[in-house]
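Asker: After the sequence you'll find the predicted model.
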Amino acid sequence: MSQILPSRQRPRLLIDAFKAGRISLADAPELIHFAWTYDDSPTSDVGEPAWLELFEHAGFFTYPPVQVSRPASPVTLYRGTTTDRVRRMSWALERDVAANAGRRHTGYGTTSMYKATVQPETLLAYLHRPDEGWTVVVNPAGLTQIERLAALPSP
């Protein structure tokens, strides 16, 4: 943890610590939250397969912890992004949260709002981003039906 806190490479340090067996199951949700939510693109330096392995280890969770269990029925999620980045792990329950995230992606190209309805087993975690809302982390393999809703205006 002491190495992860000040680092600009939080995702890489977390995954390396996990692979070395230094991340306990009890600490995993907090450390994942910290590395994921304070990096605007946590899968850039660390690929999705490594993240999926870590999320599988942790099991479904919310952070900060709230009394929410994995939903029992399909969930509709939103993502503001470019076409080539739509099948990624970070989604949102609310369109406004997705639109705000999408505005940060305009540096990658034209952004749009997307909607997906996913099965409960696709959901890996709900992570609260300070001053933004909840990010829903999903296994991209479960993103089977994605619909483009509209273009997002440039900031």
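Answerer: Sure, I can see it.

Asker: give me the number of residues near the nearest residue to Ala28 once chain neighbours are set aside?
Answerer: Leaving out its chain neighbours, the residue that sits closest to Ala28 by CB to CB, 6 or more residues apart in numbering is Ala58, at 4.0 Å. In short, each C-beta sits where N, CA and C put it, glycine included. When counting by other CB atoms under 10 Å, one arrives at 19 neighbours for Ala58.

Asker: Return the residues in contact with Ala58.
Answerer: Going by CB atoms under 8 Å, 6 or more residues apart in numbering, Ala58 touches Leu25, Ala28, Pro29, Ile32, Ala125.

Asker: Phi first, then psi, for the first one.
Answerer: Read it as Leu25. With angles defined as degrees, to the nearest 10, Leu25 sits at phi -60, psi -40.

Asker: Ok, the fourth one next?
Answerer: Note on Ile32: its backbone torsions stand at phi -60, psi -50 [degrees, to the nearest 10].

Asker: rewinding a little: for the residue nearest to Ala28, report the pLDDT, please.
Answerer: The model reports Ala58 with a pLDDT of 95.

Asker: Find me whatever residue is spatially closest to the most centrally placed residue in the chain, sequence neighbours aside.
Answerer: For the chain, Ser90 is the residue whose C-alpha lies nearest the centre (CA atoms, centre = their mean; 3.1 Å). The shortest distance from Ser90 to any non-neighbouring residue, by CB to CB, 6+ apart, is to Thr135 (5.2 Å).

Asker: Would you mind giving the secondary structure of the one you found?
Answerer: For Thr135, the secondary structure call by DSSP: H, G, I helix; E, B strand; the rest coil comes out as strand.

Asker: residues in contact with it?
Answerer: Counting by CB under 8 Å, 6+ apart, Thr135 makes contact with Trp36, Thr37, Ser90, Trp91, Ala92, Val97, Tyr126, Leu127, His128, Arg129.

Asker: Tell me which helix or strand Glu30 sits in.
Answerer: Per DSSP states H and E: Glu30 is located in helix 28-37.
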